[in-house]
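Asker: pasting the sequence and the predicted model now:
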Amino acid sequence: QVQLVESGGGLVQPGGSLRLSCAASGIVFRFYNMGWYRQAPGKQRELVAAITTGGTTNYADSVKGRFTISRDNAKNTVYLQMNSLKPEDTAVYYCNADRLITAYGTRDPRNYWGQGTQVTVSS
C-alpha cells in the first residue's frame, strides 16, 4: 500500500518559516519524481516545487528564492523549506510522487498524492 504522509504544516506569522516533510512508503522512492503542490480556497491546485530523481529542481515563480525542495532517498522523504512566508502562501500543501518507467525500464506510469497539510500565514 502506497502512502505519502505530509507533516510540518501549521500557523506562522508573515516572514516566518516552516519545513514540510513527506515520508513515502510502498514505493521505490528513488525512482519517483517528487513534487509539492498547494491549493488555496476557491483556487485550483498548483505546482509549488518539484525535484526529479536526479535532483533537478523546478519552482513556481511565486516561490523562487523563498522555498527550497530537497529529497533524502535514504529516508524516502522529500522536504519543502519555506522561508519569508506571505499570507498568499496560505493553502493546503500536498505531496506528489510521479513515475513513468520502472526500475527495469518498462513504461508503467504511476502517480500518488498525500492527504495534505494546512499552512496558514497570518498575523
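Answerer: Yep, that arrived. Numbering: from 1, shown residues only.

Asker: now do the longest strand anywhere in the chain: which elements does it pack against?
Answerer: Identified as the longest strand of the chain according to DSSP state E is strand 91-101. Packing partners of strand 91-101 (3 or more C-beta pairs under 8 Å, 6 or more residues apart in numbering; DSSP states H and E): strand 3-7, strand 18-25, strand 33-39, strand 107-113, strand 117-121. All C-beta atoms are positioned from the backbone trio N, CA, C, and that covers glycine.

Asker: out of those, deepest packed?
Answerer: Highest mean neighbour count among the helices and strands packed on strand 91-101 (mean count of other C-beta atoms under 10 Å): strand 33-39, with a mean of 21.

Asker: what's that strand in contact with?
Answerer: 20, 22, 24, 45-53, 69, 71, 78, 80, 89, 91-99, 116, 119 (C-beta atoms under 8 Å, 6 or more residues apart in numbering).

Asker: list the residues that contact residue 47.
Answerer: By C-beta under 8 Å, 6+ apart, residue 47 lies in contact with 35, 36, 37, 58, 60.

Asker: equivalent analysis for residue 23, please.
Answerer: Counting by C-beta under 8 Å, 6+ apart, residue 23 touches 3, 4, 5, 7, 75, 76, 77.
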